[in-house]
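Asks: would you be able to build a 3D model of this:
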Amino acid sequence: MLSVADAYKAVLQTVRDTGTEVVPFESATGRILRESIQADRPFPPFDRVMMDGIAVDYDSFARGQHIFGVEDIQAAGAPRLQLSNTANCMEVMTGAILPELTDTVIPYEHLSATDHEGFRRFTINAAVKKGQHIHLKGSDVTVHATLLSPGRLLGPAEAGVLATVGKTHVTVSRLPRVVVIATGNELVPVEATPEEHQVRMSNIYSLLASLQQAGISARYVHLNDDREEMETQLRPLLETTDVWISSGAVSAGKYDYLPAVLEQLGMQQIFHKVQQRPGKPFLFGVFKDGPVVFALPGNPVSGFMCFYRFVLPWLQAAMGAEERPQAYAVLQENVIFEPALEYYLPVKLFLQPDGMTAARPHSYHGSGDLASLLLADAFMALPADSNLFEKGRPYPIWRFR
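Replies: Sure thing, here's the model as predicted:
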């Protein structure tokens with residue numbers, strides 16, 4: 001039986017690159033970038049007016065001139081105009097290119113306007129600083145600067161940047177082909193009315209939703225507790241999928257046939273059982289030229305925890321995602337746990353006034369208590385080398401909400 005650290009290391013040693021594909025940038029949100037994105041022009045691409053008002057040559061103002069006649073209007077999106085006389089000004093709109101021979105913008109609220117025989121003048125009524133209210137060309141980003149690097153999770157901000165540089169199609173990680181496998185004669189479809197001895201399928205829907213939250217679509221199959229049926233249904237999936245995630249049939253029960261079936265199909269077992277609670281009977285293996293197999297325990301909290309602790313990191317690494325720093329939270333009450341196992345405690349997270357993330361445990365009735373996950377946001381890892389975990393100490397957390 002492996003420690004959690006050794007099991008996690010063994011899992012990551014099997015990571016396989018999922019490959020890449022090119023998609024329209026509008027469809028890339030939630031995907032992992034696999035190319036560098038450079039600026040094709042400076043940001044901003046011109047000296048940009050930041051406020052509605054007038055643009056003047058500052059030297060004219062500095063010589064004592066406070067009244068400027070208007071020559072024209074520089075609108076946003078219009079070609080650049082040129083001031084013909086620096087004793088005059090140009091009305092300018094926010095977002096417009098700065099007219100030639102001007103270098104300072106004065107907003108309308110610092111001006112008073114007069115009209116005489118169709119000629120408009122503005123008087124400056126406030127202090128003026130040279131270069132004010134101008135967003136200078138290239139002051140944000142220089143041309144050819146790298147804006148996005150491979151491994152970046154693409155979101156709304158990245159979509160705007162891709163559009164700005166004209167990147168209509170982008171190279172991203174190919175999504176892994178995943179199948180979620182439900183096991184057990186006791187399982188019936190969600191829409192069915194269970195008999196007294198039956199339960200509706202639920203674990204696989206938690207797993208499917210967790211995958212969907214990570215941007216991965218998956219299909220599912222249901223295997224009854226029959227060795228021949230298991231082999232018959234699983235064999236065709238060997239060449240059409242990258243990852244198998246199963247729920248149940250991996251413990252020591254008389255009908256837990258899955259480990260033997262997987263071995264018969266050619267899976268190399270990496271480990272079976274991890275020094276953790278919940279999730280101790282967790283089996284992991286690989287097919288040489290086929291999928292990676294995460295055979296998770298059937299108890300709902302166990303399988304759910306193992307997904308976030310082991311499966312999701314594997315999927316993210318396989319897609320080339322940036323590695324994120326480990327998150328921590330401060331335990332809000334003392335916890336006693338006797339067995340020498342790493343304990344994954346469901347906790348509710350909240351922010352303290354000092355900005356630290358705090359974690360509050362709640363009543364929890366073991367790995368079969370599916371409803372307990374409704375009151376939690378994360379699992380907190382309490383190490384196996386202690387049995388008393390004190391309030392006020394930080395411990396690692398794995399978020400699922």
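
Asks: give me the helices and strands touching the longest helix that the chain contains, please.
Replies: The single longest helix within the chain, with elements called by DSSP state H, is helix 203-213. Applying 3 or more C-beta pairs under 8 Å, 6 or more residues apart in numbering; DSSP states H and E, one finds that helix 203-213 makes contact with strand 178-183, strand 218-223, strand 243-247, helix 300-306. Backbone N, C-alpha and C define where each C-beta goes, glycine included.

Asks: and those as CSV, adding distance to L374?
Replies: Output for the helices and strands packed on helix 203-213, formatted as CSV (distance: least, C-beta to C-beta, whole Å):
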stretch, distance to L374
strand 178-183, 21
strand 218-223, 22
strand 243-247, 19
helix 300-306, 11
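
Asks: and these as CSV, adding mean neighbour count and distance to N203?
Replies: Below are the helices and strands packed on helix 203-213 laid out as CSV (neighbours: other C-beta atoms under 10 Å; distance: least, C-beta to C-beta, whole Å):
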stretch, mean neighbour count, distance to N203
strand 178-183, 23, 7
strand 218-223, 18, 10
strand 243-247, 26, 4
helix 300-306, 26, 5
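
Asks: dump the ones you listed into TSV; add distance to D385 and mean pLDDT as well.
Replies: Compiled in TSV, the helices and strands packed on helix 203-213 are given as follows (distance: least, C-beta to C-beta, whole Å; pLDDT from 0 to 100):
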stretch	distance to D385	mean pLDDT
strand 178-183	34	96
strand 218-223	37	95
strand 243-247	30	96
helix 300-306	20	93
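
Asks: which residues in the stretch 151-300 of the chain form helices?
Replies: For the stretch 151-300 of the chain, helices defined by DSSP state H, counting those that start in this stretch occupy the ranges 156-164, 203-213, 227-234, 258-265, 300-306.

Asks: roughly how far out does the shortest one sit from the chain middle?
Replies: In this case it means helix 300-306. With C-alpha atoms, centre = their mean, to the nearest Å as the basis, the distance from the averaged C-alpha position of helix 300-306 to the chain average is 21 Å.

Asks: in a helix, R324, correct?
Replies: No - read with DSSP: H, G, I helix; E, B strand; the rest coil, R324 is coil and lies in no helix.

Asks: which residues touch it?
Replies: R324 makes no contacts at all, as judged by C-beta atoms under 8 Å, 6 or more residues apart in numbering.

Asks: ok so, going back, any idea of the mean pLDDT for the longest helix of the chain?
Replies: For helix 203-213, the mean pLDDT works out to 94.

Asks: how far does it sit from its chain's centre?
Replies: For helix 203-213, the distance to the chain centre is 16 Å (C-alpha atoms, centre = their mean).

Asks: list the buried ones in that helix?
Replies: N203, I204, S206, L207, L208, S210, L211 (16 or more other C-beta atoms under 10 Å).

Asks: repeat that for stretch 82-92.
Replies: Within stretch 82-92, the residues scored as buried using 16+ other C-beta under 10 Å are L83, N88, C89, M90, E91, V92.

Asks: so what's the gap between it and the chain middle?
Replies: Stretch 82-92 sits 49 Å away from the centroid of its parent chain (C-alpha atoms, centre = their mean).

Asks: using PDB, write out every CA atom in that stretch.
Replies: Output of stretch 82-92 as PDB, limited to C-alpha atoms (Å, rounded to 0.1, in the frame of the first residue of the first chain):
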ATOM      1  CA  GLN A  82      -3.100  67.600 -38.300                       C
ATOM      2  CA  LEU A  83      -3.300  70.900 -36.600                       C
ATOM      3  CA  SER A  84      -2.400  73.600 -39.100                       C
ATOM      4  CA  ASN A  85      -1.700  76.300 -36.500                       C
ATOM      5  CA  THR A  86      -0.400  75.500 -33.000                       C
ATOM      6  CA  ALA A  87      -2.300  78.600 -31.700                       C
ATOM      7  CA  ASN A  88      -5.500  76.600 -32.300                       C
ATOM      8  CA  CYS A  89      -6.800  73.300 -30.900                       C
ATOM      9  CA  MET A  90      -8.600  70.200 -32.200                       C
ATOM     10  CA  GLU A  91     -11.600  68.800 -30.400                       C
ATOM     11  CA  VAL A  92     -10.900  65.100 -29.700                       C
END
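
Asks: for that stretch, give the mean pLDDT please.
Replies: 97.

Asks: what does that stretch rub up against?
Replies: 49, 52-57, 59-60, 65, 68-74, 81, 98-102, 105, 122.

Asks: of these, just the buried ones, PyMOL syntax please.
Replies: For the buried members of the contacts of stretch 82-92, the matching PyMOL selection, counting by 16+ other C-beta under 10 Å, is:
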select buried, resi 49+52+53+54+55+56+57+60+68+70+71+72+74+81+98+99+101+102+105+122
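
Asks: just to be sure, which of the contacts of stretch 82-92 are found in strands?
Replies: 49, 53-56, 68-74, 105, 122 (DSSP state E).

Asks: quick one: L33 and G155 touch, right?
Replies: No - counting by C-beta atoms under 8 Å, L33 does not reach G155; the two are 10.6 Å apart.

Asks: between these two, which has more neighbouring residues?
Replies: Taking neighbours as other C-beta atoms under 10 Å, L33 and G155 compare with L33 leading, 24 against 12.
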